[in-house]
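# sharing a sequence plus its predicted fold:
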Amino acid sequence: MKVLVAVKRVVDANVRVRVKADGSAVDIANVKLSMNPFDEISVEEAMRLKEAGAASEVVVVSCGVQACQETLRTAMATGADRAILVQTDAELQPLAVAKLLKALVDKEQPQLVMLGKQAIDDDANQVGQMLAALLGWPQATFASKVSVEAGKATVTREIDGGLETIEVDLPAVVTTDLRLNTPRYATLPNIMKAKKKPLDVVTPDALGVDIAPRLSTLKLAEPTKRAAGIRVADAADLVAKLKNVAHVI
Ligand code: AMP
């Protein structure tokens, strides 16, 4: 079974996100960019499927600028066999990414496509669902457990107030949630080996995909700054402050 894993390069989860002064976009100048954390979980899960003998090849895919090659090399350093970059400097909205991934799925014919449940930069939570719809494939979103056997995937999903376990026929699209696994670190020898693994570069034009944006961002704003906390003397003081200063009781 071939597994295709989509990985996005995003502002590192530990970096404080800054909005450009004109409110048009997130400022990524001189900011550390890393693999979307949910995508690290997808790569790890694909590797576990391979180690368990359920998958034979893991192909990682990213859509974006040339520097996404670094993200793909990181994925290969944790075990992925090869990589494909759909290279473009243009803005990519979720529908465009889903169409690009669909074109690659048509070419690569994987039996399982894994994506993160959401990218932590746009928080769209759309690409996996759109891809499944474009392919006409079953989807299992927010996976916290995945097993594959006899042409079917059994997926435990994180839903409001609990867990739901579903079975989908392969080929299928699975999106991963936080509690699915803990991704491994790349070792130095594997980082060196990853430099030699195959990385193909294609363009949206070569895939025949129209990536024109359908949405325009009107404005981005940072959350309002929180006021500093204060220390209260005792419970009576706390109640008085909640009543007279914060006006919440
Ligand atoms: P989103 O719907 O934008 O929140 O993204 C959900 C998932 O789609 C991510 O976790 C990635 O697996 C995948 N994805 C989104 N954008 C890209 C991209 N530019 N390249 C590769 N995968 C992507």
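The structure has been received and is ready for your questions. Numbers count the residues shown, from 1 in each chain.
# give me the residue from the protein nearest the ligand.
At 2.4 Å from the ligand, G116 is the closest residue in the chain, using C-beta to the nearest ligand atom. Every residue, glycine included, has its C-beta placed from N, CA and C.
# now do the contacts for that residue.
A6, K8, N36, P37, F38, D39, I41, S42, G128, T175, T176 (C-beta atoms under 8 Å, 6 or more residues apart in numbering).
# spatially nearest residue to the residue nearest the centre of the chain (excluding sequence neighbours)?
Against the mean C-alpha coordinate of the chain, by C-alpha atoms, centre = their mean, the closest residue is G116 at 3.5 Å. Spatial nearest neighbour of G116, chain neighbours left out: F38 (2.6 Å); criterion: C-beta to C-beta, 6 or more residues apart in numbering.
# mind checking pLDDT for V155?
V155 carries a pLDDT value of 98.
# mind checking what secondary structure it has?
Three-state call for V155 (DSSP: H, G, I helix; E, B strand; the rest coil): strand.
# again with V146
strand.
# returning to that earlier point: what is the residue nearest to the centre of the chain paired to in the beta sheet?
Counting by DSSP bridges, G116 forms beta bridges with T176.
# from V248, how far out is D234?
Distance, D234 to V248, using C-beta to C-beta, to the nearest Å: 18 Å.
# how about the strands in the protein?
With DSSP state E, the ranges of strands along the chain come out as 2-6, 9-11, 33-35, 57-64, 82-87, 112-116, 139-149, 152-159, 162-169, 172-176, 199-202.
# between the fourth one and strand 112-116, how big is the angle?
Translated: strand 57-64. 50 degrees (axes from the mean of the first three to the mean of the last three C-alpha atoms, to 10 degrees).
# parallel or antiparallel, list what pairs with strand 57-64.
Next to strand 57-64 in the sheet, as set by DSSP bridges, lie strand 2-6 (parallel), strand 82-87 (parallel).
# any chance of those in a markdown table, with mean neighbour count too?
A markdown table is the format used below for these (neighbours: other C-beta atoms under 10 Å):
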| stretch | mean neighbour count |
| --- | --- |
| strand 2-6 | 25 |
| strand 82-87 | 21 |
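# what's the neighbour count on V232?
Applying other C-beta atoms under 10 Å, we find 13 residues neighbouring V232.
# let me see the contact set for D39.
D39 touches V5, A6, V7, K8, A75, L115, G116, counting by C-beta under 8 Å, 6+ apart.
# roughly how far apart are the closest residue to the third one other than its chain neighbours and S216?
Just to be clear, that refers to V7. Using C-beta to C-beta, 6+ apart and skipping the chain neighbours, the partner closest in space to V7 is D39 (4.1 Å). Look at D39 and S216: by C-beta to C-beta, they are 26 Å apart.
# quick one: the helices in the chain, in order.
All helices of the chain, identified by DSSP state H, fall at 37-51, 68-77, 94-108, 127-135, 188-194, 235-244.
# of these, which is nearest A150?
When those are compared by C-beta to C-beta, helix 37-51 sits nearest A150, at 14.1 Å.
# that closest one near the ligand anywhere?
Yes: Helix 37-51 is in contact with the ligand by C-beta under 6 Å from any ligand atom, via F38, D39.
# rewinding a little: possible to save the contacts of D39 as JSON lines with pLDDT?
Formatted as JSON lines, the contacts of D39 follow (pLDDT from 0 to 100):
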{"residue": "V5", "pLDDT": "98"}
{"residue": "A6", "pLDDT": "98"}
{"residue": "V7", "pLDDT": "98"}
{"residue": "K8", "pLDDT": "98"}
{"residue": "A75", "pLDDT": "98"}
{"residue": "L115", "pLDDT": "98"}
{"residue": "G116", "pLDDT": "98"}
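# what about the residue lying closest to V173 once chain neighbours are set aside, neighbour count?
Leaving aside its chain neighbours, V173 sits nearest to A132 (4.1 Å; criterion: C-beta to C-beta, 6+ apart). Using other C-beta under 10 Å, A132 has 24 other residues around it.
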